[in-house]
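Trainee: Please work out how this folds:
(one chain, ligands or ions: 1)
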Amino acid sequence: MSAAKKEKPEFPQPRTKLIDGVPHIFINYVSSCSGCHETNEGYEIYQNGKPIYAYDEKNRIFLGSGCHECGYTGKRRHRFWMPENPEY
Ligand SMILES: [Zn+2]
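Mentor: Numbers count the residues shown, from 1 in each chain. Purely as a prediction, here's the structure:
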């Protein structure tokens, strides 16, 4: 009988890497699509007391009406590397 090796559960670590010797973290988030989601000076537009765009509970954003930029989902995923310490 071989004793089953218990592996520690792995927690997702923020992905990091060095770019030009500076530690960067991987940013990955979803936002409203700028192509089909309009705001009034940055505020949601309401009509008859209701926001005109559907709200996405999971990502806590309002979804655009859909366009070719976002593949008609109303939201965009952003992925980029950012310096871990903004002081750099
Ligand atoms: Zn769009």
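
Trainee: what helix or strand does H37 sit in?
Mentor: Assigned by DSSP states H and E, H37 falls within no helix or strand.

Trainee: how long is stretch 52-59 end to end?
Mentor: Using Cα to Cα, to the nearest Å, the span of stretch 52-59 from its first residue to its last is 17 Å.

Trainee: I'd like the numbering to begin with 46 instead of 1 from here.
Mentor: Got it, first residue is 46 now, which makes that one stretch 97-104.

Trainee: and that stretch, anywhere near the ion?
Mentor: No: under the criterion of Cβ under 5 Å from the ion, the ion is not reached by stretch 97-104; the shortest gap measures 11.0 Å. Heads up, the C-betas are built off the backbone N, CA and C, glycines and all.

Trainee: what mean pLDDT does that stretch have?
Mentor: Per-residue pLDDT values across stretch 97-104 average out to 96.

Trainee: If you count neighbours, what's buried in that stretch?
Mentor: Y98 (16 or more other Cβ atoms under 10 Å).

Trainee: So which residues make contact with it?
Mentor: The set of residues external to stretch 97-104 that reach it, using Cβ atoms under 8 Å, 6 or more residues apart in numbering, is 74-77, 82, 89-91, 106-110, 119-120.

Trainee: Which of the residues you listed sits closest to E129?
Mentor: For the contacts of stretch 97-104, the residue nearest E129 by Cβ to Cβ is Y74; the value is 16.3 Å.

Trainee: Can you give me the neighbour number for S77?
Mentor: Applying other Cβ atoms under 10 Å, we find 21 other residues in the vicinity of S77.

Trainee: and what of the one 5 residues further on?
Mentor: H82 sits with 23 neighbouring residues when counted by other Cβ under 10 Å.

Trainee: okay but it is in contact with C112, surely?
Mentor: No: taking Cβ atoms under 8 Å as the contact criterion, H82 and C112 are not neighbours in contact, 9.2 Å apart.
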